[in-house]
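In: prediction below, plus the sequence it came from.
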Amino acid sequence: VVIGPYRSGKSFLLNQLLGVPCNVGFGVGHTRETETKGIWVWGQPQKITDIGAERTVLYVDTEGFESTGRSNSYDDRVFAVATVMSSLLIYNLPETIRGSDVTKLSFVVELAAGFYDRSNKSAIAIPVEPGSMLWVIQRDFLQGKSVQQLVADALAPVPNPQNDKAISETNNIRASLTSIAKNSTGFSLPQPHLDRTRLCDLNDTELDQRYVRQRDALRQVVKQHAQQKLVGGQPLTGKTLARLLQSLITALNAKEIPTGAGLIESFNREIVRKALQMYQQKLDAAVKLPVDEGALEQADKAARAAAVVLFHEQLLGRRQADDLLKQLNTAMGKEHKGKVTANVAESNVLCHELEMACIRLLDASGGVQLPSMYQFEGRYKSCERNFQAKCVGPARSSSEERLQLSWKQAHSQFVKDYNDRLFTGLLICSVAAIVIFRFVVKVALLEAVGWVSVVFLELYPHLFRGAGSMYETRWWKVTSQVWEFCMLLLFGAGGLLVWAILMGVVWLLWKRARRRQASKKAVLTSVKGDIRDLDV
């Protein structure tokens, strides 16, 4: 690919390298306007045999720099495509190398920091390998240094004791140019003929023979340095070149690459987006909200590390690395903050539901007809275990504190109600025993036990006024345990069997009572009739 200022003889040089006349090869103009527009590719690939291996070479002509009506950004776009696709970049210059010619290659510096970063081993969008650079000085009539020495001096940094910004930037360009190309070769061509407007009409015998010899030598230099282009570590093929150009041209036409530096920025923005997307995917895959804060932080660190690794692997260049990494970290920080907020909200919803379920259970357990401390505590413990297993996230501690406070209040109220209702139940049972064993099933001993229980329950609590509570005595605790045992038998796992046994015992007692009544009636009856009918 030949680049350089407009009206510097690039198209004529390519025709000379191809060995074709101007009316067959690239268009050559003799006006003050630029002849070549955009980028032109010679339609017939040239076959070159080197050490027994054949390769195909494409010759490419480009529009000249700083032509009338063109902006610097347009030049950079043309330069972008030319530089990326070339394996040999020929910088065609008239007469000598000027400082502005070096400065014009600032875009190449961006490529040096990006596409040609040898430390970058990842498969990025356009992972091209650097080619060679050939500086061709046309109409070389100046005396003194050789062209190769001229190139070396042009690429050598100049002293900058005053730390001038412009000189520093130019020195950076010089340093980068020496690193991007495999080699930078200088070559000179003398004036082919004094009448430049007739160059296309002259044959080799009419041209300056020094020029003809140098031109033929230049053809060999071009063939030597035009090595196979590598893209992504693979040799460039026609299809690969088409995809490469399509990618670049699409980006250019979409105005995503306004300048040379914008080409790097365009791909790097995409890399930042991919790294952020990886962070989001890793974080979403690692945690399912709500989750403990520690687990979220660990997942965040792992996702950040993976995103940063991807960022460094695919980053184009190092000059923008710090700023881009800062952008990535800022974006990941926002995502992390949003994830933390969502985690708090999800945790609040989940833990609140579990907390309210346990509170409703406490309220329902406190209103049962037959209170049981065993059942009350058992149901709450089961609910608490479910809460501990499922309530996760930042809302757990506050929900757990509220639930413990509710448990203490409900437990205190339940114990009071439980003891009062158990006392009332014992009193009712004692009175019922008196009635049953006196009038239904006459058992004097059990009736006496009922009377003693009534008297005891009525008098004993009055002995504890101002000195504790009857509910704290040992006998009351034993009574509570007996009651809990009865409730366990009646309403526990074997409750149905116990109820069946009790019903059987009641039925047997009822049958026994009926037999006793029948036997008493038989004793009172004689052969003469009922004893209650006799006159005494």
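Out: Right, received. Where do you want to start? Just so it is clear, the structure is predicted and the values come from calculations on it, not from any experiment.

In: what pLDDT, on average, does the longest helix seen in the chain get?
Out: Scanning the chain for the longest helix, with DSSP state H as the assignment, gives helix 321-365. The pLDDT scores in helix 321-365 average 91.

In: next, count neighbours for residue 384.
Out: Residue 384: 18 surrounding residues under other C-beta atoms under 10 Å. Glycine gets a C-beta too; all of them are placed from N, C-alpha and C.

In: list the helices and strands the longest helix of the chain packs on?
Out: Other helices and strands packing on helix 321-365, by 3 or more C-beta pairs under 8 Å, 6 or more residues apart in numbering; DSSP states H and E, are helix 260-286, helix 293-314, helix 373-390, helix 396-435.

In: from the ones you listed, which stretch is densest packed?
Out: helix 260-286 (a mean of 18; mean count of other C-beta atoms under 10 Å).

In: quick one: mean pLDDT for that helix?
Out: Mean pLDDT, computed over helix 260-286, is 81.

In: residues contacting residue 24?
Out: With contact taken as C-beta atoms under 8 Å, 6 or more residues apart in numbering, residue 24 is in contact with residue 15.

In: shouldn't it be within a strand?
Out: No: counting by DSSP: H, G, I helix; E, B strand; the rest coil, residue 24 is not found in a strand; it is coil.

In: pLDDT score for it?
Out: pLDDT recorded at residue 24 is 80.

In: look up how far residue 223 lies from it.
Out: 21 Å (C-beta to C-beta, to the nearest Å).

In: residue 292 now?
Out: Taken as C-beta to C-beta, the span from residue 292 to residue 223 is 67 Å.

In: swap in residue 321?
Out: Taking C-beta to C-beta, one finds residue 321 at 38 Å from residue 223.

In: go through stretch 321-333 and flag the buried ones.
Out: 324-325, 327-328, 331-332 (16 or more other C-beta atoms under 10 Å).

In: mind listing what residue 475 touches?
Out: Residue 475 touches nothing, counting by C-beta under 8 Å, 6+ apart.

In: element containing it?
Out: Per DSSP states H and E: residue 475 is located in helix 474-491.

In: now that helix: average pLDDT?
Out: Averaged across helix 474-491, pLDDT comes to 72.

In: repeat for stretch 212-232
Out: Summarised as a single mean, pLDDT over stretch 212-232 is 84.

In: just give me how far that stretch sits from the chain centre.
Out: Centroid displacement of stretch 212-232 relative to its chain, using C-alpha atoms, centre = their mean, to the nearest Å, is 48 Å.

In: quick one: buried residues of that stretch?
Out: Neighbour counts over stretch 212-232 (16+ other C-beta under 10 Å) mark 212, 214-215, 218, 221-223, 225-227, 229-231 as buried.

In: and if you look at stretch 185-200?
Out: Neighbour counts using 16+ other C-beta under 10 Å place 185-190, 192, 199 of stretch 185-200 among the buried residues.

In: equivalent analysis for stretch 342-351, please.
Out: Neighbour counts over stretch 342-351 (16+ other C-beta under 10 Å) mark 343-344, 346-348, 350-351 as buried.

In: could you do stretch 150-159 as well?
Out: Going by neighbour count (16+ other C-beta under 10 Å), the buried part of stretch 150-159 is 150-151, 154-155.

In: and residue 497, what pLDDT?
Out: Per-residue pLDDT puts residue 497 at 58.

In: one step back: as TSV, the buried residues of stretch 185-200 with distance to residue 269, pLDDT and secondary structure would be great.
Out: Below are the buried residues of stretch 185-200 laid out as TSV (distance: C-beta to C-beta, whole Å; pLDDT from 0 to 100; DSSP: H, G, I helix; E, B strand; the rest coil):
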residue	distance to residue 269	pLDDT	secondary structure
185	36	82	strand
186	37	82	strand
187	39	86	strand
188	42	84	strand
189	42	85	strand
190	48	84	coil
192	47	83	coil
199	46	79	helix
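
In: just those residues now: which is nearest residue 419?
Out: residue 185 (104.6 Å; C-beta to C-beta).

In: mind checking how far the closest one is from residue 65?
Out: For residue 185, the distance to residue 65 - C-beta to C-beta - is 21 Å.

In: swap in residue 434?
Out: 121 Å.

In: how far does the helix or strand harbouring residue 54 sit from the chain's center?
Out: Assessed by DSSP H and E, residue 54 sits inside strand 53-57. Its chain's C-alpha centre and that of strand 53-57 lie 46 Å apart, by C-alpha atoms, centre = their mean.

In: now do stretch 445-465
Out: The answer for stretch 445-465 is 74 Å, by C-alpha atoms, centre = their mean.

In: picking that back up, just the ones in helices from the buried residues of stretch 150-159, please.
Out: 150-151, 154-155.

In: tell me the one of these nearest residue 363?
Out: Nearest to residue 363 among those is residue 155, at 86.2 Å by C-beta to C-beta.

In: so that closest one touches residue 173, yeah?
Out: No: between residue 155 and residue 173 there is no contact under C-beta atoms under 8 Å: 9.0 Å.

In: joint contacts of these two?
Out: residue 102.

In: element containing residue 167?
Out: Using DSSP H and E, residue 167 falls in helix 165-180.

In: before we move on, what about residue 91?
Out: Element membership for residue 91 (DSSP H and E) is strand 88-94.

In: chain center to that strand, what's the gap?
Out: Computed by C-alpha atoms, centre = their mean, the chain-centroid distance of strand 88-94 equals 46 Å.

In: cool, and stretch 194-206?
Out: Taking the mean of its C-alpha atoms, stretch 194-206 sits 65 Å from the chain's own mean (C-alpha atoms, centre = their mean).

In: using PDB, write out every CA atom in that stretch.
Out: Backbone C-alpha positions of stretch 194-206 (Å, rounded to 0.1, in the frame of the first residue of the first chain) are rendered in PDB as follows:
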ATOM      1  CA  LEU A 194      12.700  16.700 -16.500                       C
ATOM      2  CA  ASP A 195       9.300  17.000 -18.200                       C
ATOM      3  CA  ARG A 196       7.000  15.300 -15.700                       C
ATOM      4  CA  THR A 197       3.900  16.000 -17.700                       C
ATOM      5  CA  ARG A 198       5.100  13.500 -20.300                       C
ATOM      6  CA  LEU A 199       6.200  10.700 -18.000                       C
ATOM      7  CA  CYS A 200       3.300   8.400 -19.000                       C
ATOM      8  CA  ASP A 201       4.200   8.800 -22.600                       C
ATOM      9  CA  LEU A 202       7.900   7.900 -22.300                       C
ATOM     10  CA  ASN A 203       9.300   4.400 -22.400                       C
ATOM     11  CA  ASP A 204      12.300   3.100 -20.400                       C
ATOM     12  CA  THR A 205      14.800   4.100 -23.000                       C
ATOM     13  CA  GLU A 206      13.700   7.700 -22.800                       C
END
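
In: what are the contacting residues of that stretch?
Out: Residues from elsewhere that reach stretch 194-206 (C-beta under 8 Å, 6+ apart): 12, 21-23, 28, 30, 192-193, 207, 212.

In: go again with 7 Å.
Out: Stretch 194-206 is contacted from outside by 12, 21-22, 28, 30, 192-193, 212, using C-beta atoms under 7 Å, 6 or more residues apart in numbering.

In: pretty sure residue 48 is touching residue 55, no?
Out: Yes: look at residue 48 against residue 55 with C-beta atoms under 7 Å: they come within range, at 5.5 Å.

In: with neighbour numbers in mind, choose between those two.
Out: Remark: of residue 48 and residue 55, residue 55 carries more neighbours, 17 against 14, as counted by other C-beta under 10 Å.

In: residues touching that one, list them.
Out: With C-beta under 7 Å, 6+ apart, residue 55 has these contacts: 48, 228.

In: narrow the buried residues of stretch 212-232 to those in strands?
Out: Of the buried residues of stretch 212-232, the ones assigned to strands by DSSP state E are 230-231.
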